[in-house]
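> Turn this into a model:
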Amino acid sequence: MPVENRNQFREVAETLQRDLASAPRRNCIDGQWVEAASGRTFEVLNPATGRVLARCADSGAEDVDRAVAAARKAMEPGSPWTRMSPSDRMKLVWRIGDLIDREFEPLAVLRIARQREDGCRRQGATTSRRPASSSTT
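As a prediction, this is how the structure comes out:
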């Protein structure tokens, strides 16, 4: 559903904010949603309001190493991706594009929030990323 006016945009943004803040965002590694190895999260603040927009996994080197290892494994001979025909891979990539098109409005809201955050940072405002308590959520 396209956002046609400012009130509708605000409703989409508030719904998205509630959804993002409802549970910590985790890492997708090897097809699984997992917490950071440290168990820590950090808060992402809405720079316009100072409210918590989301809590995200505070990923470190160990998480990156796990993700890289999983990506390498996915490209090994005999893996599902390498067994897939080029035509099927193309269909999958097109499907991802269709999902992005379908979710364009919430993605646009996220992008605007990110641009505002970048603008605040350039103007010397305090960062909107601050460590949360060492929760394992």
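> so what's L107 up against?
Shown in contact with L107 (C-beta atoms under 8 Å, 6 or more residues apart in numbering): I100. Bear in mind the C-beta positions are built from the backbone N, C-alpha and C, glycine included.
> Helix or strand: which one has it?
Taking DSSP states H and E as the criterion, L107 maps to helix 104-122.
> pLDDT of that helix, averaged?
The predicted model assigns helix 104-122 a mean pLDDT of 67.
> hang on, S59 in a strand?
No: counting by DSSP: H, G, I helix; E, B strand; the rest coil, S59 falls outside a strand, being coil.
> That one contacts N27, correct?
Yes: assessed by C-beta atoms under 8 Å, S59 is found in contact with N27 at 5.8 Å.
> Report the set of residues contacting both of the two.
By C-beta under 8 Å, 6+ apart, the residues touching both S59 and N27 are A36.
> the more surrounded of these two?
Each of S59 and N27 has its neighbours counted (other C-beta atoms under 10 Å); S59 has more, 21 against 18.
> which residue is nearest the middle of this protein?
By C-alpha atoms, centre = their mean, the chain has its centre lying nearest to R25, at 7.3 Å.
> got a list of what that residue touches?
Listed by C-beta under 8 Å, 6+ apart, the contact set of R25 reads 54-57.
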